[in-house]
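Participant: next one to model:
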Amino acid sequence: MLKMLPTIRLASLLTVWDFELVTIETTIQAILDAGTWTQRIQQIRLIPQRHGTEHHGTIYAAVARDLYMPHLAPDFAYIHESSFYETAHFFAAYDAANNLTDAFSRVDEAALQAALVECPRTLLVFRTLLGLTNDEFAHSTLLAGGPEDLAALSSSQIDTMERSAIDAPRANTPAAVAKATAQARIASKTIVMAMNGELFGDAPPGLRSKQQKPDTAEGWDSVRGYATDGVPLKVFLHQRHYGGAFRQVLDATSTLRGDLIEDAVEALFTARGVSFIRTGSHNQADIARRFEVHVTPAPDFVVFDPADDSLKAMLECKGTNNGGTARDKALRFNRLRAESVRLGGIPLIAVLGGIGWARINDALGPVVRDTDGRVFTLSTLSSMLEVAPFPGLLGMTNSA
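Facilitator: So this is what the prediction gives:
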């Protein structure tokens, strides 16, 4: 036993010496050089063993910056397609409005009413000229119709008129004709009163009317001038600046944008036969009872083995183009990490989107830490199926 003692001490010293040689740079490079996602995850999981907590933030941030941030798509550069906001729909409405009013020269109530009966979609052009939203125009019809007790238009009625087809058949039953005529009458009255400055009254001190914009500053004269001579680019761009670049279509498709990442994950899982539940459509108590997931709200997806209904992974989707919001959302992964550990080390996976995650130190880095590097984006989503537990779950029956 005495002869073996020095050997044991020497081995112990070598272990300490080797530990000290694992520098921050060495660890980072080992992660960057990992040939597969699985190897990368293995290297990231060694960080707590190799380094003190004071160095963890530096390492995770470096890894996040080099390996994950380049794949964050700038989704602010794109908008969802929405036919109502595309040029084809609006240009057709504009051409009809221009033709039916002889280039906006016949714009009394009777002429506008006739145009709206002939082509209800032209309301979109006149409402846009006034600079009013759908709801604002609906309330304006209430103001305009009050003195004559005319029925106001609802937002849904306005929407139906503006989305109608250019060549839609005109109403032919007495009841339908009466309805279309009444709607066109109150709409035309509202348009004329607003353009003439008769509807809203004088602006209070410090405010000015929405009609005080280049294309309507002089009422219909301004409209005719721009319709004939065109709108200078600087005026066009100023109006975009005023309204917010693509603000209307972004607001109209906000739900689609919010579901973009989740929809992509669901499509991938469905196509590859991964058994999952998208928890937003399920009772949270059912998720807790079935899989013992007690964090609330439940993660966006739970992945399970249909053979024994056992939980295999938790997946959370987060998109943001704001760094402060990304920092706040990163805290969610810390809570999910704790639940993952409580459940015996169930893999936690993040699917992120938006440039808000370019905030490295207190947003993306911590997510890399809490998921052991299982961080994916829309551009790397298919690679997620290469890491555990997915290779053993492919081709199984989906569950919803």
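
Participant: where does pLDDT dip in the stretch 301-400 of the chain?
Facilitator: Residue ranges of the stretch 301-400 of the chain with pLDDT under 70: 397-400.

Participant: mind listing the strands for the protein?
Facilitator: Using DSSP state E, the strands of the chain run over residues 276-278, 301-305, 310-319, 348-353, 375-376.

Participant: and these as TSV, adding distance to R342 and mean neighbour count?
Facilitator: From N, CA and C alone the C-beta is placed, and that goes for glycine too. Below are these laid out as TSV (distance: least, Cβ to Cβ, whole Å; neighbours: other Cβ atoms under 10 Å):
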stretch	distance to R342	mean neighbour count
strand 276-278	19	20
strand 301-305	15	21
strand 310-319	11	21
strand 348-353	12	26
strand 375-376	21	26
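
Participant: using JSON lines, please lay out the ones you listed together with distance to M396.
Facilitator: Converted to JSON lines, the strands of the chain look like this (distance: least, Cβ to Cβ, whole Å):
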{"stretch": "strand 276-278", "distance to M396": "10"}
{"stretch": "strand 301-305", "distance to M396": "7"}
{"stretch": "strand 310-319", "distance to M396": "10"}
{"stretch": "strand 348-353", "distance to M396": "17"}
{"stretch": "strand 375-376", "distance to M396": "20"}
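
Participant: and of these, who's closest to A175?
Facilitator: When the strands of the chain are compared by Cβ to Cβ, strand 276-278 sits nearest A175, at 44.8 Å.

Participant: that closest one - contacts with which helices or strands?
Facilitator: helix 260-272, strand 301-305 (3 or more Cβ pairs under 8 Å, 6 or more residues apart in numbering; DSSP states H and E).

Participant: most tightly packed of these?
Facilitator: Looking across those with neighbours counted as mean count of other Cβ atoms under 10 Å, the highest average goes to strand 301-305: a mean of 21.

Participant: convert the C-alpha atoms of that one to PDB, please.
Facilitator: The C-alpha trace of strand 301-305 is given here as PDB (Å, rounded to 0.1, in the frame of the first residue of the first chain):
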ATOM      1  CA  PHE A 301     -45.000  21.600 -26.900                       C
ATOM      2  CA  VAL A 302     -44.600  18.400 -25.100                       C
ATOM      3  CA  VAL A 303     -43.100  15.400 -27.000                       C
ATOM      4  CA  PHE A 304     -43.900  11.900 -25.900                       C
ATOM      5  CA  ASP A 305     -43.500   8.300 -26.700                       C
END
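
Participant: just checking: what are the partner strands of that strand?
Facilitator: strand 276-278 (antiparallel), strand 310-319 (antiparallel) (DSSP bridges).

Participant: can you put those in JSON lines and add distance to L46?
Facilitator: What follows is the strands paired with strand 301-305, written out as JSON lines (distance: least, Cβ to Cβ, whole Å):
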{"stretch": "strand 276-278", "distance to L46": "30"}
{"stretch": "strand 310-319", "distance to L46": "21"}
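
Participant: those: which one's closest to A184?
Facilitator: Once these are compared by Cβ to Cβ, strand 310-319 is nearest, at 42.7 Å.

Participant: one step back: JSON lines for the helices and strands packed on strand 276-278, including distance to E316?
Facilitator: Listed next are the helices and strands packed on strand 276-278 as JSON lines, based on distance: least, Cβ to Cβ, whole Å:
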{"stretch": "helix 260-272", "distance to E316": "10"}
{"stretch": "strand 301-305", "distance to E316": "8"}
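
Participant: of the strands of the chain, which is nearest Q248?
Facilitator: Across the strands of the chain, closest to Q248 is strand 310-319 (Cβ to Cβ), at 20.7 Å.

Participant: ok, back up a step: with respect to A138, which of the helices and strands packed on strand 276-278 lies nearest?
Facilitator: helix 260-272 (30.2 Å).

Participant: give me the angle between the closest one and strand 310-319.
Facilitator: For helix 260-272 against strand 310-319, the angle by axes from the mean of the first three to the mean of the last three Cα atoms, to 10 degrees is 140 degrees.
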